[in-house]
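Student: give me a 3D structure for the following:
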Amino acid sequence: MKLFYIFYNQERWNNWIQSLENASFEPQPDEEVSEGLQILYSFTEDVTISVLKIIRLYQNGRFTKDEARERLDEVEMIVMTGLPEGELAEIIGSLQLTLLVLFTSCRKYLDEEYDTDIKALVKKGKAFGEDDLEDALDVAAQIGASVINGATCCARYIKDDLENPTLFEEWLIEIDTMANAVKSLSKFDEEPGEAS
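Tutor: Below you'll find the model as predicted:
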């Protein structure tokens, strides 16, 4: 029996983009965070949970490794392809860059290619410069894979007052979102033959 679960589709992505197009990124007097940034966080969380559902179903034996990879590729194609026009291009480009660690972490987890010493990995990742993005992503994805496997990270490694976070720090923030998603999906499952 095949699973009918639809993890992500183009329409869902487009709806989020449309919400951002109509949102203000200037905080109102009674707001700490602008409407646009609130939507952007929910957008990121939505993609993260959708992707980790695929991994969860692999963990539950609903998908083979190849099936999980195939579905991962399908969602990545939607998330990582193309940019909207105008002012949103930079925002979505930055979001795509952040979500790189989500997809790379999932692949490392599936391939079982990751170190589990998170403290050492964080130290190593923070030592990389802005020119070592490939190496920094590799290290961040190992942390992400560990989190998918149940490890705890990364709130204590993220400073509250980050004005201009490095890309590695942005990835740690996304891995923290992943950690919360993993907890929220602890009971998630899909029976074969269920239409969703």
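
Student: residues making contact with whichever strand or helix holds Leu137?
Tutor: Secondary structure from DSSP states H and E places Leu137 in helix 133-148. Residues outside helix 133-148 that contact it (CB atoms under 8 Å, 6 or more residues apart in numbering) are 52, 55, 100-102, 104-109, 113-116, 118, 121-122, 124-125, 128, 153-154, 167-168, 171-172, 174-175, 178-179, 182. Where you see a C-beta, it was placed from the backbone N, CA and C, and this is true even at glycine.

Student: those helices in this structure, which residues are they?
Tutor: Per DSSP state H, the chain carries helices over the ranges 10-21, 35-59, 65-80, 88-111, 118-127, 133-148, 167-184.

Student: with Gln28 as the reference, name the closest of those helices.
Tutor: helix 35-59 (7.8 Å; CB to CB).

Student: which strands and helices lie in contact with the closest one?
Tutor: Contact here means 3 or more CB pairs under 8 Å, 6 or more residues apart in numbering; DSSP states H and E; on that basis helix 35-59 packs against helix 10-21, helix 65-80, helix 88-111, helix 167-184.

Student: would you mind finding the most buried of those helices?
Tutor: helix 167-184 (a mean of 21; mean count of other CB atoms under 10 Å).

Student: now that helix: mean pLDDT?
Tutor: For helix 167-184, the mean per-residue pLDDT is 95.

Student: one more: stretch 93-106?
Tutor: The average pLDDT for stretch 93-106 rounds to 96.

Student: kindly report the same for stretch 130-145.
Tutor: 95.

Student: any idea how far stretch 96-105 is from the middle of the chain?
Tutor: Chain-centre distance of stretch 96-105: 6 Å, with CA atoms, centre = their mean, to the nearest Å.
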